[in-house]
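> generate a structure from the sequence data that follows.
(one chain, ligands or ions: 1)
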Amino acid sequence: MGEKTENEQEAVKYYRLSEIEEQNTFKSTWIIINNNVYDVTKFLEEHPGGEEVLREQAGGDATESFEDVGHSTDAREMAADMKIGELHPEDREKIVKPQDPYLNVATVQTSSWTSWLIPLLAALAATLLYRMCTAEKQ
Ligand code: HEM
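Down below sits the predicted model:
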(Lines give C-alpha, C1' and ligand atoms only; values in the text may rest on other atoms or scores of the structure.)
Protein backbone atom coordinates (compact mmCIF):
# COMPACT_ATOMS: atom_id res chain seq x y z
CA MET A 1 0.00 0.00 0.00
CA GLY A 2 1.21 3.47 -0.86
CA GLU A 3 4.18 2.09 -2.73
CA LYS A 4 4.67 3.41 -6.18
CA THR A 5 5.56 1.16 -9.06
CA GLU A 6 8.54 2.09 -11.18
CA ASN A 7 6.25 3.38 -13.93
CA GLU A 8 4.38 5.74 -11.63
CA GLN A 9 7.61 7.21 -10.32
CA GLU A 10 8.95 7.89 -13.78
CA ALA A 11 5.81 9.31 -15.30
CA VAL A 12 6.15 13.09 -15.40
CA LYS A 13 3.29 15.08 -16.82
CA TYR A 14 4.54 17.90 -19.01
CA TYR A 15 2.44 21.01 -19.51
CA ARG A 16 2.91 23.55 -22.28
CA LEU A 17 3.28 27.19 -21.19
CA SER A 18 0.10 28.13 -23.07
CA GLU A 19 -1.95 25.58 -21.06
CA ILE A 20 -0.52 26.86 -17.78
CA GLU A 21 -1.19 30.49 -18.68
CA GLU A 22 -4.91 29.66 -18.94
CA GLN A 23 -5.01 28.46 -15.32
CA ASN A 24 -5.17 31.90 -13.76
CA THR A 25 -8.69 32.00 -12.36
CA PHE A 26 -10.34 31.39 -8.99
CA LYS A 27 -11.50 28.01 -10.26
CA SER A 28 -8.01 26.92 -11.16
CA THR A 29 -4.73 28.58 -10.23
CA TRP A 30 -1.43 27.12 -11.36
CA ILE A 31 2.02 28.56 -10.85
CA ILE A 32 5.47 27.59 -12.07
CA ILE A 33 8.44 27.41 -9.69
CA ASN A 34 11.78 26.10 -10.98
CA ASN A 35 10.05 24.53 -13.98
CA ASN A 36 7.66 22.59 -11.76
CA VAL A 37 3.94 23.19 -12.16
CA TYR A 38 1.86 23.59 -8.99
CA ASP A 39 -1.90 23.62 -8.62
CA VAL A 40 -2.39 26.08 -5.76
CA THR A 41 -6.17 26.52 -6.20
CA LYS A 42 -7.05 24.96 -2.84
CA PHE A 43 -4.00 26.48 -1.14
CA LEU A 44 -4.79 30.12 -1.98
CA GLU A 45 -6.68 30.81 1.27
CA GLU A 46 -4.23 28.85 3.41
CA HIS A 47 -1.09 30.56 2.11
CA PRO A 48 0.57 32.42 5.03
CA GLY A 49 1.82 35.02 2.56
CA GLY A 50 -1.74 35.71 1.40
CA GLU A 51 -3.70 34.67 -1.66
CA GLU A 52 -3.11 37.94 -3.48
CA VAL A 53 0.61 37.25 -4.09
CA LEU A 54 -0.20 33.83 -5.50
CA ARG A 55 -2.94 35.17 -7.74
CA GLU A 56 -0.55 37.78 -9.12
CA GLN A 57 1.69 34.95 -10.32
CA ALA A 58 -1.18 32.73 -11.51
CA GLY A 59 -0.55 31.08 -14.84
CA GLY A 60 3.07 32.21 -14.88
CA ASP A 61 6.53 31.79 -13.48
CA ALA A 62 6.77 32.53 -9.75
CA THR A 63 10.32 31.26 -9.24
CA GLU A 64 11.88 34.65 -8.53
CA SER A 65 9.17 35.78 -6.08
CA PHE A 66 9.16 32.39 -4.36
CA GLU A 67 12.93 32.44 -3.87
CA ASP A 68 13.01 36.13 -2.88
CA VAL A 69 10.77 35.37 0.11
CA GLY A 70 13.19 32.69 1.31
CA HIS A 71 10.51 30.07 1.93
CA SER A 72 11.22 27.50 4.65
CA THR A 73 11.82 23.79 4.13
CA ASP A 74 8.26 23.28 5.40
CA ALA A 75 6.97 25.54 2.64
CA ARG A 76 8.96 23.61 0.03
CA GLU A 77 7.50 20.33 1.29
CA MET A 78 3.99 21.78 1.09
CA ALA A 79 4.74 22.86 -2.46
CA ALA A 80 5.91 19.35 -3.36
CA ASP A 81 2.46 18.01 -2.41
CA MET A 82 0.83 20.39 -4.87
CA LYS A 83 3.07 19.56 -7.80
CA ILE A 84 1.05 18.32 -10.75
CA GLY A 85 3.79 18.15 -13.37
CA GLU A 86 6.59 20.02 -15.07
CA LEU A 87 6.90 22.71 -17.67
CA HIS A 88 7.49 21.25 -21.12
CA PRO A 89 11.26 21.33 -21.82
CA GLU A 90 10.73 23.27 -25.05
CA ASP A 91 8.93 26.05 -23.17
CA ARG A 92 11.50 26.48 -20.40
CA GLU A 93 13.58 29.09 -22.17
CA LYS A 94 10.45 31.19 -22.76
CA ILE A 95 10.18 32.09 -19.10
CA VAL A 96 13.69 33.40 -18.44
CA LYS A 97 12.70 36.41 -16.38
CA PRO A 98 16.09 37.62 -15.09
CA GLN A 99 16.66 39.14 -18.53
CA ASP A 100 14.05 41.80 -17.90
CA PRO A 101 16.14 43.88 -15.45
CA TYR A 102 18.99 43.94 -17.99
CA LEU A 103 16.61 45.24 -20.61
CA ASN A 104 15.53 47.91 -18.15
CA VAL A 105 19.14 48.84 -17.46
CA ALA A 106 19.67 49.28 -21.20
CA THR A 107 16.65 51.58 -21.35
CA VAL A 108 17.94 53.60 -18.41
CA GLN A 109 21.34 53.93 -20.07
CA THR A 110 19.78 55.26 -23.27
CA SER A 111 17.78 57.83 -21.38
CA SER A 112 20.85 58.93 -19.36
CA TRP A 113 22.61 59.54 -22.68
CA THR A 114 19.85 61.97 -23.66
CA SER A 115 19.88 63.44 -20.18
CA TRP A 116 23.42 64.79 -20.65
CA LEU A 117 22.78 65.81 -24.24
CA ILE A 118 19.90 68.09 -23.31
CA PRO A 119 21.87 70.11 -20.67
CA LEU A 120 24.74 70.36 -23.17
CA LEU A 121 22.43 71.84 -25.80
CA ALA A 122 20.95 74.16 -23.20
CA ALA A 123 24.46 75.31 -22.23
CA LEU A 124 25.33 75.96 -25.89
CA ALA A 125 22.15 77.96 -26.36
CA ALA A 126 22.93 80.01 -23.23
CA THR A 127 26.45 80.73 -24.48
CA LEU A 128 25.13 81.87 -27.88
CA LEU A 129 22.50 84.05 -26.25
CA TYR A 130 25.13 85.58 -23.93
CA ARG A 131 27.41 86.33 -26.88
CA MET A 132 24.56 87.90 -28.82
CA CYS A 133 23.64 90.09 -25.88
CA THR A 134 27.21 91.23 -25.22
CA ALA A 135 27.75 91.84 -28.97
CA GLU A 136 24.80 94.26 -29.03
CA LYS A 137 26.32 96.37 -26.24
CA GLN A 138 29.67 96.85 -28.04
C1 HEM B 1 3.35 26.35 -3.83
C2 HEM B 1 3.85 27.51 -3.57
C3 HEM B 1 3.98 28.11 -2.19
C4 HEM B 1 3.91 27.55 -0.95
C5 HEM B 1 3.67 26.09 -0.59
C6 HEM B 1 4.09 28.61 0.03
C7 HEM B 1 4.08 28.43 1.40
C8 HEM B 1 4.38 29.40 2.30
C9 HEM B 1 4.55 29.19 3.73
C10 HEM B 1 4.41 27.85 4.44
C11 HEM B 1 4.85 30.39 4.28
C12 HEM B 1 5.16 30.67 5.78
C13 HEM B 1 6.64 30.98 5.95
C14 HEM B 1 7.52 29.83 5.54
O15 HEM B 1 7.28 28.69 6.01
O16 HEM B 1 8.46 30.06 4.74
C17 HEM B 1 4.85 31.36 3.23
C18 HEM B 1 5.11 32.70 3.40
C19 HEM B 1 5.12 33.63 2.37
N20 HEM B 1 4.93 33.39 1.06
FE21 HEM B 1 4.60 31.59 0.21
N22 HEM B 1 4.27 29.79 -0.63
C23 HEM B 1 4.22 29.53 -1.98
C24 HEM B 1 4.37 30.42 -3.00
C25 HEM B 1 4.58 31.76 -2.84
C26 HEM B 1 4.77 32.73 -3.91
C27 HEM B 1 4.76 32.38 -5.39
C28 HEM B 1 4.93 33.95 -3.32
C29 HEM B 1 5.13 35.30 -3.94
C30 HEM B 1 4.62 35.67 -5.06
C31 HEM B 1 4.86 33.77 -1.90
C32 HEM B 1 4.96 34.77 -0.97
C33 HEM B 1 5.04 34.58 0.38
C34 HEM B 1 5.27 35.65 1.34
C35 HEM B 1 5.44 37.14 0.99
C36 HEM B 1 5.35 35.05 2.57
C37 HEM B 1 5.70 35.75 3.88
C38 HEM B 1 4.52 36.03 4.73
C39 HEM B 1 4.96 36.72 6.00
O40 HEM B 1 6.12 36.54 6.42
O41 HEM B 1 4.11 37.39 6.58
N42 HEM B 1 4.65 32.43 -1.64
N43 HEM B 1 4.57 30.75 2.02
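
> pick out the residue of the protein closest to the ligand.
G49 (2.4 Å; Cβ to the nearest ligand atom). For the C-beta atoms, the positions are set from N, CA and C on the backbone; glycine is no exception.

> for the ligand, what are the nearby residues on the protein?
31, 38, 40, 47-49, 53-54, 57, 62, 65-66, 69, 71-72, 74-75, 78-79, 82 (Cβ under 6 Å from any ligand atom).

> list buried residues within those residues.
Taking 16 or more other Cβ atoms under 10 Å as the criterion, what is buried in the residues of the chain next to the ligand is I31, Y38, V40, L54, Q57, A62, S65, F66, M78, A79, M82.

> quickly list what the nearest residue to the fifth one once chain neighbours are set aside is bridged to.
What it means is Q57. In space, and not counting its chain neighbours, Q57 is closest to I31: 5.0 Å by Cβ to Cβ, 6 or more residues apart in numbering. Listed by DSSP bridges, the beta-bridge partners for I31 are Y38.

> how about the contacts made by I31?
Residues in contact with I31 (Cβ atoms under 8 Å, 6 or more residues apart in numbering) are V37, Y38, V40, L54, Q57, A58, G59, G60, D61, A62.

> my guess is the fourth one contacts D39. True?
No - using Cβ atoms under 8 Å, L54 and D39 do not qualify as a contacting pair, with a distance of 11.3 Å.

> tally of neighbours for N36?
Neighbour count for N36, taken as other Cβ atoms under 10 Å: 17.

> then the one 5 residues further on?
Other residues near T41 come to 17 when the count uses other Cβ under 10 Å.

> pretty sure it sits against H47.
No - using Cβ under 8 Å as the test, T41 is too far from H47 to be in contact (11.4 Å).

> rewinding a little: need the overlap of contacts for L54 and D39.
In contact with both L54 and D39: T29, using Cβ under 8 Å, 6+ apart.

> tell me where this protein has helices.
Using DSSP state H, the helices of the chain run over residues 6-10, 17-21, 51-57, 63-69, 73-82, 99-137.
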